[in-house]
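> sequence and predicted structure are below.
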Amino acid sequence: EVQLVESGGGLVQPGGSLRLSCAASGFTFGSYDMSWVRQAPGKGPEWVSAINSGGGSTYYADSVKGRFTISRDNAKNTLYLQMNSLKPEDTAVYYCALKLGVGVYWGQGTQVTVSS
């Protein structure tokens, strides 16, 4: 059974930093591309970032480029999102996501709130 468990969210002031983690199990983590997606209150899901299976290629939404860094540790089956220079508009629930066959798997999410 695929399981994705996000952690690391919290309340941070504008300009602050957080590091999100996603612990994966139930599939061969190192064989799959992974993504981060967020959903702000009252809005639809927004793709944030992706990384290929080996970690050598990364992709970012324009809204986070230069501030967020995605990475992975395949030995630990863990995906990360380092978020710097956080803005109030980054407030959302953040999910790690896996596309596996015809299905898309998300975790329960972790809340990030950027506010003074």
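Cool, got the structure.
> got a list of contacts for stretch 45-54?
Identification of contacts with stretch 45-54 by CB atoms under 8 Å, 6 or more residues apart in numbering yields 30-40, 57-61, 63-64, 68, 70-72, 74, 79, 81, 92, 94-95. No exception for glycine: its C-beta is placed from N, CA and C like everyone else's.
> centre of the chain to it, how far?
7 Å (CA atoms, centre = their mean, to the nearest Å).
> before we move on, what about stretch 64-82?
The answer for stretch 64-82 is 7 Å, by CA atoms, centre = their mean.
> which among the contacts of stretch 45-54 count as buried?
34-38, 60, 64, 68, 70, 72, 79, 81, 92, 94-95 (16 or more other CB atoms under 10 Å).
> from the residues you listed, which is closest to Thr113?
Nearest to Thr113, judged by CB to CB, of the buried ones among the contacts of stretch 45-54 is Ala92 at 8.8 Å.
> so what's the closest one bridging to?
Val112 (DSSP bridges).
> pretty sure it contacts Gly42?
No: using CB atoms under 8 Å, Ala92 is not in contact with Gly42, being 10.7 Å away.
> which strands and helices sit next to the helix or strand bottoming out on mean pLDDT in the chain?
Least confident helix or strand of the chain, by mean pLDDT, DSSP states H and E, is strand 103-106 with a mean of 92. Strand 103-106 sits against strand 92-100, with contacts defined as 3 or more CB pairs under 8 Å, 6 or more residues apart in numbering; DSSP states H and E.
> what's near enough to touch the residue lying closest to Gly55 once chain neighbours are set aside?
With sequence-adjacent residues excluded and distances taken as CB to CB, 6 or more residues apart in numbering, Gly55 is closest to Arg72, at 5.0 Å. By CB under 8 Å, 6+ apart, the contact set of Arg72 is Phe29, Met34, Ile51, Gly55, Thr78, Leu79, Tyr80.
> great, nothing more from me.
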